[in-house]
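Trainee: kindly return the folded structure for what I paste below:
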Amino acid sequence: MLGGTEFVGRAVVEAALGRGWEVTVFHRGRHEPPPGVGVLHGDRTAEGGLKALSGPDLAPWDAVVDTWSGAPTAVRDSARLLADRAGRYVYVSSGSVYAFPAAPGRGEDRPVVEGSPDDGGDVDYARAKRGGELAATDAFGERALLVRAGLILGPWENIGRLPWWLNRVARGGEILAPGPPGLELQYIDVRDLADWTLDAAEAGLHGPYGLVSPPGHTTMRELMETMVRVTGADAELRWADPDFLTRAGVEPWTELPVWVPPGGDLYDTLHRSDVTKALAAGLRCRPFAETAAGTWEWLCSLGGEAPLRPDRPRHGLAPEREAELLRSLAG
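Mentor: Numbers count the residues shown, from 1 in each chain. Below is the predicted model of the structure:
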């Protein structure tokens, strides 16, 4: 496991350990990996940073899982180094590699953005992930599996979407709930992503797979009401229709995480993807109640404060901004 101490990487490691697999984690040493793994240290961005992966005493690995989202050269160099030492290379990519806007109901045949395995330095997220895909495929060919994940939620989340919502709901009171309540959502629980990824690697699957729940796996109503139940909050949901939120200048996705107004290109891209291929390959998606409960339990174990990646924007409405919107909503 390249990484393996945070969010997706950690979920994959935990799932592999739960199967009794032997796991080696290669990371920079900034965070503690789960107990029970072998540990190798190195910095993929530094000169000679992969040295620990090339020792003569290292046994070959059946599979490598890589979640890197920075410069594709890091994936390129790792994949080239491991091409003769690992059976398969699993690169956790993103649905962001698809060209925007994406027509609703399309799967892995959608056009993708440009990218290069030789991209270094500052490239945007979509191009970085596409470059990582090309790097993995160039080195491993049909031994490369590309996991194009959609919105990922669940324990260990270091982006701050579901943790923000859970903490906001836990504070109680009147809560601005973005509507319509029946708005259908797609996401993938990180534990379901991990389980499917390990199953797919073991089965020898290759090429791209879009990984997210079927459209309508949950709704905004279920998401909001479930969080109220899970946290036990004394909360009142005040539903606001999309037109009100748009007129008020609320930023979808960031100020109100997960939510985007229906009917536009962004909604179709994020919440109307076809996942027939992954479902046929065994994808199972747990109900949102389990995702919310697992994330809340993890948050409580940390005292309510989730660790956040410094390279991602902060999510959620400021309290004073929410209060202003609630007053406006009340007329």
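Trainee: check contacts around residue 314.
Mentor: 160, 308 (C-beta atoms under 8 Å, 6 or more residues apart in numbering). All C-beta atoms are positioned from the backbone trio N, CA, C, and that covers glycine.
Trainee: just confirm it is within a helix.
Mentor: No: looking at residue 314 with DSSP: H, G, I helix; E, B strand; the rest coil, it is coil, so not inside a helix.
Trainee: residues contacting residue 89?
Mentor: Residue 89 makes contact with 63, 64, 66, 79, 82, 83, 136, 139, 140, 143, 144, 145 under the criterion C-beta under 8 Å, 6+ apart.
Trainee: cutoff 10 Å now
Mentor: Neighbouring residues of residue 89 by C-beta atoms under 10 Å, 6 or more residues apart in numbering: 2, 61, 63-66, 75, 78-79, 82-83, 135-137, 139-141, 143-146, 201, 206.
Trainee: out of those residues, which are buried?
Mentor: The neighbour count (16 or more other C-beta atoms under 10 Å) marks 2, 61, 63-66, 75, 78-79, 82-83, 135-137, 139-140, 143-146, 201, 206 as buried among the contacts of residue 89.
Trainee: of these, which belong to helices?
Mentor: 75, 78, 79, 82, 135, 136, 137, 139, 140, 201 (DSSP state H).
Trainee: ok, so of those, who is nearest residue 27?
Mentor: Proximity of these to residue 27 (C-beta to C-beta) peaks at residue 78, which lies at 12.4 Å.
Trainee: list the contacts for that closest one?
Mentor: Residue 78 touches 2, 26, 42, 44, 49-50, 53, 64, 66, 68, 86, 89, 91, 132, 135-136, 139, counting by C-beta under 10 Å, 6+ apart.
Trainee: follow-up on the earlier one: spatially, which two of the ones in helices among the buried ones among the contacts of residue 89 are the most separated?
Mentor: 135 and 201 (17.6 Å).
Trainee: now the strands for the stretch 51-200 of the chain?
Mentor: Per DSSP state E, counting those that start in this stretch, the stretch 51-200 of the chain carries strands over the ranges 61-66, 86-94, 144-149, 152-153, 173-178, 184-185, 188-189.
Trainee: check the offset of the first one from the chain's centre.
Mentor: Average the C-alpha atoms of strand 61-66, do the same for its chain, and the two points are 19 Å apart (C-alpha atoms, centre = their mean, to the nearest Å).
Trainee: now it against strand 144-149, angle please.
Mentor: Here strand 61-66 runs at an angle of 40 degrees relative to strand 144-149 (axes from the mean of the first three to the mean of the last three C-alpha atoms, to 10 degrees).
Trainee: angle of strand 61-66 against strand 86-94?
Mentor: 20 degrees.
Trainee: now residue 245: closest residue in space, sequence neighbours ignored.
Mentor: Of all residues not flanking residue 245 in the chain, residue 178 sits nearest, at 5.9 Å (C-beta to C-beta, 6 or more residues apart in numbering).
Trainee: again but with residue 77, I slipped
Mentor: Closest to residue 77 by C-beta to C-beta, 6+ apart is residue 50, at 6.3 Å.
Trainee: what's around that neighbour, how many residues?
Mentor: When counting by other C-beta atoms under 10 Å, one arrives at 20 neighbours for residue 50.
Trainee: I'd like the numbering to begin with 20 instead of 1 from here.
Mentor: In the new count, where the first residue is 20, that last one comes out as residue 69.
Trainee: that one contacts residue 61, correct?
Mentor: Yes: under the criterion of C-beta atoms under 10 Å, residue 69 makes contact with residue 61 at 5.8 Å.
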